[in-house]
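# Build me a model:
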Amino acid sequence: MQKSKINVIISCVSLFSERQADNVAEKISEKIQKKKPKKLINMIFSQKTTIILLLALQLIFIFIIFQSFAVHYAYLHIVFSTVAIVLAIYILNSSENPAYKLAWIVPLVIVPIFTVVLYILLKNQFSTRKVRNLYAKKSANTRPFLKTNEQIMSYLHESEPDFYKLANYVDKSGGYPVCGNTEVTYFPLGEDKYKAMLEELQKAQEFIFMEYFIIDDGEMWREIVKILLEKAKAGVEVRLLYDGMGSQFTLPFRYKKKLTDQGVKCLVFNPFRPMLSTIQNNRDHRKILVIDGNVAFNGGVNIADEYINRKERFGHWKDTAVMLKGDGVWNFTMMFLQMWEVISGDKTEYNMYRPTVKNVVNNGYVIPYGDSPLDDENVGELVYMGMINNAKDYIYISTPYLIPDNEMLTVLGYAAKSGVDVRIITPEIPDKWYVSVITRSFYRDLETLGVKVYEYKGGFNHAKMFLSDDKSAVVGTINLDYRSLYLHFECATYMYKTSCIKDIKADFDDMFENRCHRITHDDINNRSFWSRFMSVILRTIAPLL
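Okay, here's the model as predicted:
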């Protein structure tokens, strides 16, 4: 079968005779067969497989040990069942999201012994409390350096009351003030951002700060790291921060040391270890690049070749980003330094990194903001909800993962039922099958509420964007799922009446008209039995995925 397929390809693209094609096909087939065992062996003994096996063995060990106790000691089962009831009552009365409560209570009822042990193990860990306390302390210490511009707030209070409320919330509860004197450029594709990114990196004179979830050792990164090493050699301060999970399988072993030895200050956020721990669930999903305090990049684009379509993984990769110049860069600079100091324990003279470029065209207002899973503020979700509630004509949403909680469904439904044009774009080709199953299971709920759903044809839509009424927009890293809204460190740029809003609108219009398929009632009804069956199971545990 394999040989015949190769024959067809060769016959179509070459002038070989039938015999020559057959000989070439035979050689190719032999090479493929020789490589198969090698690939299989590499996969079996890979670092990724080892880590997955270690985690699975821990879970199996806990399950077997305590289930064995339950079989031999009936009173132990009674004790744990009683504890499970107490835990269930405790969880029900906690301040956690209702979906999280359900995700724990169901297994408590089904396998009480195993779930009790797992819950206590995960919820009472020193490492989690330590990081939480460090982050809270650092946020408090840096708050004086993120001062509210009272003149801007006074103007917004009088002239833009809806935006003032949102800006006031992000400032007071999130810790990031609204900024004027900022120019914003919108990039509708990852390759557009990448081109501008290389140009700005070449201009760096004082410092470069980079913080990314994924860095893949491919063509994109090699071009970037070449510039970073040149700049470090020339005396530019280069700091790189990447996530231990996101880059676990994409960078060489001990890559941090390799870069450090070449002059780049490098840290790994929460290095992944195959140990059951809640802190391993909190990842640094942010994407930030700051250059000389005057230029910042933010959006969904990681450092990997698929994000700029130099490598195809899930069809055409749609992603977006923004570039800021001016006062708004300071929020991202401080965001980066907060995280750097939490990991390193170092102290920074913050004022050394303030913007030096003045008199940037006052192009509307921006709020570069972050969201932490280690506090009680769901800034990312509440900003999205604020935009939905303030929308009068339309709210357009782009997200790769659509797993809304009950609160988000409620505000989306209210907006649609009140006459607002609510549209959501998701991928046609997913990167995770189980997320896609859950996402598509919400289509019927959304259709019932009056929300229009579109899928990005022939590719993977990774853009995280909100746009409303030609005047408000968010571009950042925050997906509409539990991980982004509750578990990850995230960041985004809120824009209000900036000139690039029209570019974001044009991009949405192009997607709706030329690049998306609107999901119909028939599409929803034609979902396979397997998809429906799996969604019933997966939606129950969606908050834990």
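
# Residue 268 - that's part of a helix, no?
No. Residue 268 is assigned strand when assessed by DSSP: H, G, I helix; E, B strand; the rest coil, not a helix.

# and the gap between it and residue 257?
Distance from residue 268 to residue 257, counting by C-beta to C-beta, to the nearest Å: 11 Å. Just so you know, the C-beta spots here come from the backbone N, C-alpha and C atoms, and that holds for glycine as well.

# Show the residue spans covered by the helices in the stretch 151-300 of the chain.
Ranges of helices in the stretch 151-300 of the chain, per DSSP state H, counting those that start in this stretch, are 161-169, 190-202, 219-233, 255-261.

# Columns mean neighbour count and mean pLDDT on top of the ones you listed, output as CSV?
As requested, the helices of the stretch 151-300 of the chain are exported to CSV (neighbours: other C-beta atoms under 10 Å; pLDDT from 0 to 100):
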stretch, mean neighbour count, mean pLDDT
helix 161-169, 18, 95
helix 190-202, 19, 97
helix 219-233, 17, 96
helix 255-261, 14, 93
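
# Columns distance to residue 304 on top of these, output as TSV?
Compiled in TSV, the helices of the stretch 151-300 of the chain are given as follows (distance: least, C-beta to C-beta, whole Å):
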stretch	distance to residue 304
helix 161-169	33
helix 190-202	9
helix 219-233	6
helix 255-261	14
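
# Can you check which of those gets nearest to residue 451?
Taking C-beta to C-beta as the criterion, residue 451 comes closest to helix 161-169 out of the helices of the stretch 151-300 of the chain, the separation being 21.6 Å.

# which sections of the protein are below the confidence cut-off?
Within the chain, the stretches with pLDDT under 70 are 1-59, 61-76, 122, 124-129, 273-280, 362, 544-545.

# let's see 50
For the chain, the stretches with pLDDT under 50 are 1-47.

# follow-up on the earlier one: out of the helices of the stretch 151-300 of the chain, nearest to residue 486?
Using C-beta to C-beta as the criterion, the shortest distance between residue 486 and the helices of the stretch 151-300 of the chain is 17.9 Å, found for helix 161-169.

# Please compute how far the closest one lies from its chain's middle.
25 Å (C-alpha atoms, centre = their mean, to the nearest Å).

# ditto for stretch 243-262
What separates the centre of stretch 243-262 from the centre of its chain is 20 Å, taken as C-alpha atoms, centre = their mean.

# do the same with stretch 468-477
With C-alpha atoms, centre = their mean as the basis, the mean position of stretch 468-477 lies at 17 Å from the chain mean.

# mind checking the end-to-end distance for that stretch?
When the termini of stretch 468-477 are compared using C-alpha to C-alpha, to the nearest Å, they are 18 Å apart.

# quick one: buried residues of that stretch?
468-469, 471-477 (16 or more other C-beta atoms under 10 Å).

# For the residues you listed, which two are the farthest from each other?
With distances taken as C-beta to C-beta, the most widely separated pair in the buried residues of stretch 468-477 is 469 and 477, at 23.3 Å.

# Quick check: chain neighbours aside, which residue is closest to residue 374?
Nearest non-adjacent residue to residue 374, counting by C-beta to C-beta, 6 or more residues apart in numbering: residue 132, 4.4 Å away.

# Is it correct that the one you found falls within a strand?
No. Residue 132 is assigned helix when assessed by three-state DSSP, not a strand.

# Quick check: residue 84 vs residue 104, distance?
With distances taken as C-beta to C-beta, residue 84 is found 10 Å from residue 104.

# Pull up the overlap in contacts between the two.
Common contacts of residue 84 and residue 104 (C-beta atoms under 8 Å, 6 or more residues apart in numbering): residue 115.

# For the closest residue to residue 540 other than its chain neighbours, grab the count of nearby residues.
Distances taken as C-beta to C-beta, 6+ apart put residue 106 closest to residue 540, at 5.9 Å, once the chain neighbours are dropped. Residue 106 is flanked by 14 other residues according to other C-beta atoms under 10 Å.

# Use 49 as the first number from now on
Sounds good: first residue 49 from here, last item residue 154.

# Checking residue 154 next. Helix, strand or coil?
Secondary structure state of residue 154, per three-state DSSP, is helix.

# Report the separation between it and residue 339.
Computed with C-beta to C-beta, the distance linking residue 154 and residue 339 is 48 Å.

# Next: residue 152.
When distances are taken as C-beta to C-beta, residue 152 and residue 339 turn out to be 44 Å apart.

# next one: residue 230
Taking C-beta to C-beta as the measure, residue 230 falls 15 Å from residue 339.

# The two: who's more crowded?
For residue 230 versus residue 339, neighbours defined as other C-beta under 10 Å are more numerous around residue 230 (28 against 25).

# who are the neighbours in contact with the more buried one?
With contacts defined as C-beta under 8 Å, 6+ apart, the neighbours of residue 230 are 372-377, 408, 410-411, 413-414, 546.

# go again using 10 Å as the cut-off
Applying C-beta atoms under 10 Å, 6 or more residues apart in numbering to residue 230 gives the contacts 344, 372-379, 403, 408-416, 541, 543, 546.

# And for residue 294?
Contact partners of residue 294, counting by C-beta under 10 Å, 6+ apart, are 260-264, 317, 320, 331-333, 350, 352, 536.

# residue ranges for the helices of the stretch 399-548 of the chain, please.
Residue ranges of the helices in the stretch 399-548 of the chain, as given by DSSP H, counting those that start in this stretch, are 427-438, 454-465, 481-489, 491-497, 530.

# how near is residue 487 to residue 334?
With distances taken as C-beta to C-beta, residue 487 is found 23 Å from residue 334.
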